[in-house]
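>>> Give me a model of this one.
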Amino acid sequence: MVNPPGSLAFYILSFRVLIALHGAALVFIMLMGTGAISSVFVPAFLRLPLFVFLMGVVSAFLALCWSQWTLVWHSSRTGRRWAWIPGFCSAFFLALSLALFVIGVWGTLGLADLAYQHSEWLTGQ
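Residues are numbered from 1 along each chain as shown. Next comes the predicted model:
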């Protein structure tokens, strides 16, 4: 059986790593949107990656909340039998947050490639 404090520490560490990844991506997107970093993007193109990275942050937060429920259910006598439910939900939201990070990076690179290939759309020529 999994030791609850150890599994909670794993979820907290995973939460920190995913929040750092999503936070760095959000800062980078915001710097590109404001023009502090020169890019080929029109700021309107950055709405979708911004939304995806924000949903990744929300998903990582939900994983942390579900890991707290896992600890509470492991601590109760009657809840040990069903403690796999919040554990599964927490692992699901961690995986979803990681998948959203990959999708956000892939989508941002795809938008950059599209904007670079069709730069005449942006200049109006």
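
>>> Show me where the protein has its strands.
With DSSP state E as the criterion, the chain has no strands.

>>> which secondary element of it has the worst mean pLDDT?
Ranked by mean pLDDT, DSSP states H and E, the weakest helix or strand in the chain is helix 119-123, scoring a mean of 62.

>>> ok, residue 62 to residue 97 distance?
For residue 62, the distance to residue 97 (CB to CB, to the nearest Å) stands at 8 Å. In this view, the C-beta of every residue, glycine as well, is placed from N, C-alpha and C.

>>> cool, and residue 46?
Residue 46 sits 20 Å away from residue 97, going by CB to CB.

>>> quick one: which of those two has more around it?
residue 97 (25 against 17; other CB atoms under 10 Å).

>>> List the buried residues for the helix ranked longest in the chain?
Longest helix of the chain, by residue count under DSSP state H: helix 84-117. The neighbour-count check on helix 84-117 (16 or more other CB atoms under 10 Å) flags 86-87, 89-91, 93-94, 96-98, 100-101, 103-105, 107-108, 111-112, 115 as buried.

>>> which non-adjacent residue is nearest the residue positioned nearest the centre of the chain?
Nearest to the mean C-alpha position of the chain, counting by CA atoms, centre = their mean, stands residue 56 at 2.4 Å. Leaving aside its chain neighbours, residue 56 sits nearest to residue 100 (3.7 Å; criterion: CB to CB, 6 or more residues apart in numbering).

>>> Contact partners for the one you found?
22, 52, 53, 55, 56, 59 (CB atoms under 8 Å, 6 or more residues apart in numbering).
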